[in-house]
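1. I need the structure of the sequence given here:
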Amino acid sequence: MKDTFYTYIQNLQDSITQALEKADGSAKFQEDIWERPEGGGGRTRVIENGNVFEKGGVNISGVHGALPESMQNYFGVKDADFFACGLSLVLHPKNPMVPTVHANWRYFEMYDKEGNIVDQWFGGGQDLTPYYLFEEDAIHFHAVCKKACDAHDPEFHENYKKRCDAYFWNAHRDEARGVGGLFFDYLKATDKMDMQDWYNFVTEVGDSFTEAYIPIVSKRKELAYSEAQRTWQEIRRGRYVEFNLVHDKGTLFGLKTNGRIESILMSLPPRVQWVYDHHPEKGSEEERLLEVLKKPKDWV
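-> Numbering: from 1, shown residues only. Sure, this is the predicted structure:
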């Protein structure tokens with residue numbers, strides 16, 4: 001399964017980066033192959049200063065070795081080895097009318113000292129973070145997510161949409177990071193779903209990403225915007241940074257397993273602001289966004 005999934009994310013990285021380069025029309029992804037001293041490595045691809053994307057990364061990695069003590073304590077195990085692979089992407093567009101997007105699909109195995117698999121699971125999802133709320137964009141994104149879920153179980157979308165709303169919640173701000181999407185973790189074999197079934201589900205979600213995001217980019221990338229709207233975008237990006245550094249499990253896992261710091265922090269935007277006690281004008285589009293972020297909506 002680990003070889004099958006790693007091959008899948010290699011191919012998915014190719015297809016996503018090609019689609020994003022076409023949408024940008026100017027910038028190309030720069031590739032960086034790296035190795036992890038403890039075992040494994042990855043292929044980082046970063047796009048910067050394009051027509052559309054100010055900064056973004058579409059990264060894959062496959063790492064293995066002894067599970068660090070901090071993670072042994074987290075999982076409640078001792079003397080375990082692990083393998084983890086996944087694709088992680090974040091895209092920060094230049095135009096504040098185009099939303100930031102994040103996605104991640106990953107697979108994890110844990111072994112005893114004899115090399116036997118003692119645990120394995122899939123995780124991942126995709127979510128949208130707009131700076132200006134176009135409801136039709138949120139509906140489109142969630143409709144694509146629902147379509148991918150419904151192909152496997154009619155309960156998946158409601159469950160994983162709720163988990164996404166709960167996970168991407170900036171508790172210290174009491175607001176959502178964005179308008180959500182899907183989030184799932186610890187997808188393990190059951191009587192109903194074996195690991196091949198979960199593979200089929202996770203890869204269907206991965207394959208749906210460009211359908212969910214690229215049409216939104218195409219629709220919004222030419223819209224005019226003001227310097228004040230750009231400032232609002234940078235203020236909201238500050239909340240994105242706060243979530244990733246304070247709450248995100250993937251960031252924390254990478255830091256605790258001696259992950260490659262450049263790849264881990266590629267999710268951070270290049271221009272960001274923290275304005276003291278900032279509040280948007282009453283009745284403004286900026287305030288309308290905040291009202292939605294205070295209480296997640298059912299978009300489809």
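2. from the middle of its chain, how far away would the longest helix belonging to the chain be?
-> Across the chain, the helix with the greatest residue count (assigned by DSSP state H) is helix 2-24. Taking Cα atoms, centre = their mean, to the nearest Å, one finds helix 2-24 lying 14 Å from the centre of the chain it belongs to.
3. tell me the contacts of Val58?
-> Val58 is in contact with 13, 16-17, 20, 29, 45, 87-89, counting by Cβ atoms under 8 Å, 6 or more residues apart in numbering. Yep, even glycine has a C-beta here, placed from its N, CA and C like the rest.
4. and with 7 Å instead?
-> For Val58, the contacting residues are 13, 16-17, 29, 45, 89, taking Cβ atoms under 7 Å, 6 or more residues apart in numbering as the criterion.
5. and what of Phe122?
-> Residues counted as contacts of Phe122 (Cβ under 7 Å, 6+ apart) are 107, 187, 198, 202.
6. Please flag which of these sit within strands.
-> 107, 187 (DSSP state E).
7. so His279, which of the three states?
-> Of the three states, His279 takes coil under DSSP: H, G, I helix; E, B strand; the rest coil.
8. ok, which stretches of the stretch 51-200 of the chain are strands?
-> Per DSSP state E, counting those that start in this stretch, the stretch 51-200 of the chain carries strands over the ranges 53-66, 81-93, 100-111, 117-129, 169-170, 175-176, 180-187.
9. Just list whatever residues bridge to the nearest residue to Ala84 once chain neighbours are set aside.
-> Computed as Cβ to Cβ, 6 or more residues apart in numbering, the closest residue to Ala84 that is not its neighbour in sequence is Phe108, at 4.9 Å. Per DSSP bridges, residues listed as beta-bridge partners of Phe108: Ala84, Trp121.
10. wait, doesn't Phe108 sit right on Trp121?
-> Yes: assessed by Cβ atoms under 7 Å, Phe108 is found in contact with Trp121 at 5.6 Å.
11. what about Thr231, distance to Asn59?
-> Here Thr231 is placed at a distance of 29 Å from Asn59 (Cβ to Cβ, to the nearest Å).
12. What of Val46?
-> For Val46, the distance to Asn59 (Cβ to Cβ) stands at 8 Å.
13. With neighbour numbers in mind, choose between those two.
-> For the pair Val46 and Asn59, the greater number of neighbours falls to Asn59 (25 against 18), based on other Cβ atoms under 10 Å.
14. does that one have beta-bridge partners, and which?
-> Beta-bridge partners for Asn59, by DSSP bridges, are Thr44, Ser88.
15. That one reaches Thr44, doesn't it?
-> Yes: using Cβ under 7 Å, Asn59 is in contact with Thr44, at 4.7 Å.
16. And the least confident helix or strand in the chain by mean pLDDT, what's buried?
-> Here the helix or strand of the chain ranked lowest by mean pLDDT, DSSP states H and E is helix 69-75, holding a mean of 77. Of the residues in helix 69-75, those scored as buried under the neighbour-count criterion (16 or more other Cβ atoms under 10 Å) are 71-72.
17. For that helix, what is the distance to the chain centroid?
-> In terms of Cα atoms, centre = their mean, the gap separating the centre of helix 69-75 from the centre of its chain is 23 Å.
18. now stretch 57-77
-> Computed by Cα atoms, centre = their mean, the chain-centroid distance of stretch 57-77 equals 18 Å.
19. now swap in stretch 180-187 and tell me
-> 10 Å.
20. Same check on stretch 264-281?
-> For stretch 264-281, the distance between its averaged C-alpha position and the chain's averaged C-alpha position is 18 Å (Cα atoms, centre = their mean).
21. ok, so what distance separates the nearest residue to Tyr225 once chain neighbours are set aside from Ile264?
-> The shortest distance from Tyr225 to any residue other than its chain neighbours is 5.3 Å, reached at Pro96 (Cβ to Cβ, 6+ apart). Between Pro96 and Ile264 the distance is 26 Å, computed by Cβ to Cβ.
22. now Gly125
-> In this structure, Gly125 and Ile264 are 18 Å apart, going by Cβ to Cβ.
23. Please say which of these two ends up with more neighbours.
-> Each of Gly125 and Ile264 has its neighbours counted (other Cβ under 10 Å); Gly125 has more, 24 against 21.
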